[in-house]
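Enquirer: My questions are about this predicted structure, shown below with the sequence.
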Amino acid sequence: MKHLLSATDLTRDSAITILDTASQLAAATAQGVGKLPPLRGRTVVNLFYEDSTRTRTSFEAAAKRLSADVINFSAKGSSVSKGESLKDTALTLEAMGADAVVIRHHSSGAPHRLANSGWISGGVVNAGDGTHEHPTQALLDAYTLRRHLRDNNGDLSGVKVAIVGDVLHSRVARSNAILLQTLGASVRLVGPPTLLPFGVETWGCEVSYDLDGALDDVDAVMMLRVQRERMNAAYFPSAHEYSNRYGLNSARAARMPEHAIVMHPGPMNRGMEITADVADSKRSVIVEQVSNGVSVRMAVLYLLLGGTEGTA
Ligand code: CP
């Protein structure tokens, strides 16, 4: 695999290879051996045209833990604000010897353009493109589900996951719907009809508009951020009504089976799609998702830049 652009790039076996490699790298890191050597002399560029806390910092931590050199490029404060194109930015990064470019962009398809343009010779990782995809988020979510529900082994056959909320604007939902099904899980999408995308019936998932009726048989609930910055119309009457019908509060969490976990990719709108007490509850794995993101991104960079399974 040279690039990771979409969850559709991953087969069951290649996804499991990434998850297994992440487990090995997490174990090596936990042993406190300090930096691991495999990417010494390689350069990873974080090319971020959109804001990020978790993804950018975890890619940076992942690359550094593997001894790569890291260049952090944020469109804000760069020559992009003077009108420099993606092509000229890419050519500049190529001239600096980038071995891999991790790109987040507000336009769906920008990582594909970068990977298929010939502007750069290194690998491209999609760190979130518009409302399209966020494949490493889906991988870290699969890793988290596997740790809690499958003792960190194999695939996710038989696991039931409800993905709840603003599916329409969510690249996290799209990548998870693809990857979790590739790994054998069943996915239920829950949200108001206005926030479910046109053609959602082709995603292979169950669809529900009723959160209260969608919780009693799930192994995990993944709450989605309401992405008001991407909304150009009124998708629901008010924040209060949205959280009444689609917010995860303690009464709703009590409907979930005892073993079921609560997930959220972050950043959260506390009090909107999830209440603070549920976000901070024992069944919440939201902070752990962030830690797991570092291990999974280490595995992706390691495998993309030439590592092979079992040699981590
Ligand atoms: N989950 C996620 O992509 O978070 P950031 O926007 O903070 O990177």
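Expert: All right, it came through fine.

Enquirer: hey, let's count contacts and neighbours off CA atoms from now on
Expert: Will do.

Enquirer: so which strand or helix has Ala173?
Expert: Following DSSP states H and E, one finds Ala173 within helix 171-182.

Enquirer: starting at the chain centroid, how far to that helix?
Expert: Its chain's C-alpha centre and that of helix 171-182 lie 9 Å apart, by Cα atoms, centre = their mean, to the nearest Å.

Enquirer: now the next helix-or-strand element following it and helix 171-182, what's the angle there?
Expert: Using DSSP H and E, the helix or strand that follows helix 171-182 in sequence is strand 186-190. Angle, strand 186-190 to helix 171-182, by axes from the mean of the first three to the mean of the last three Cα atoms, to 10 degrees: 150 degrees.

Enquirer: Can you list the strands that strand 186-190 pairs with?
Expert: In the sheet, strand 186-190 lines up against strand 160-164 (parallel), strand 206-208 (parallel) (DSSP bridges).

Enquirer: Which parts of the stretch 1-150 of the chain are helices?
Expert: In the stretch 1-150 of the chain, the segments counted as helices under DSSP state H, counting those that start in this stretch are 12-30, 54-65, 86-95, 110-116, 135-149.

Enquirer: which one of those helices is the most hemmed in?
Expert: The highest mean neighbour count among these, using mean count of other Cα atoms under 10 Å, belongs to helix 135-149: a mean of 24.

Enquirer: hang on, the earlier thing: could the strands paired with strand 186-190 be laid out in a markdown table, adding mean pLDDT, mean neighbour count and distance to Val200?
Expert: Listed next are the strands paired with strand 186-190 as a markdown table, based on pLDDT from 0 to 100; neighbours: other Cα atoms under 10 Å; distance: least, Cα to Cα, whole Å:
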| stretch | mean pLDDT | mean neighbour count | distance to Val200 |
| --- | --- | --- | --- |
| strand 160-164 | 98 | 25 | 13 |
| strand 206-208 | 98 | 16 | 8 |
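
Enquirer: got the domain boundaries for the protein?
Expert: Taking automatic domain parsing as the domain assignment, the ranges for the chain are 7-134+290-306, 135-285.

Enquirer: In CSV, list the ones you listed along with distance to the ligand.
Expert: Output for the domains of the chain, formatted as CSV (distance: least, Cα to the nearest ligand atom, whole Å):
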stretch, distance to the ligand
domain 7-134+290-306, 4
domain 135-285, 4
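
Enquirer: Of all those, which one comes closest to Met1?
Expert: domain 7-134+290-306 (6.2 Å; Cα to Cα).

Enquirer: Just the terminal-to-terminal distance for the closest one.
Expert: 20 Å (Cα to Cα, to the nearest Å).

Enquirer: how far does it sit from the chain's center?
Expert: Centroid separation between domain 7-134+290-306 and its chain, computed with Cα atoms, centre = their mean, is 12 Å.

Enquirer: mean confidence for that domain?
Expert: Averaged across domain 7-134+290-306, pLDDT comes to 95.

Enquirer: And for stretch 197-205?
Expert: Stretch 197-205 carries an average pLDDT of 96.

Enquirer: I'd like to know how many residues surround the closest residue to Ala239 other than its chain neighbours.
Expert: In space, Ala239 comes closest to Met272 once its chain neighbours are excluded; the distance is 6.6 Å by Cα to Cα, 6 or more residues apart in numbering. By other Cα atoms under 10 Å, 20 other residues sit near Met272.

Enquirer: In three-state terms, label Met272 for me.
Expert: Secondary structure, DSSP: H, G, I helix; E, B strand; the rest coil: Met272 is coil.
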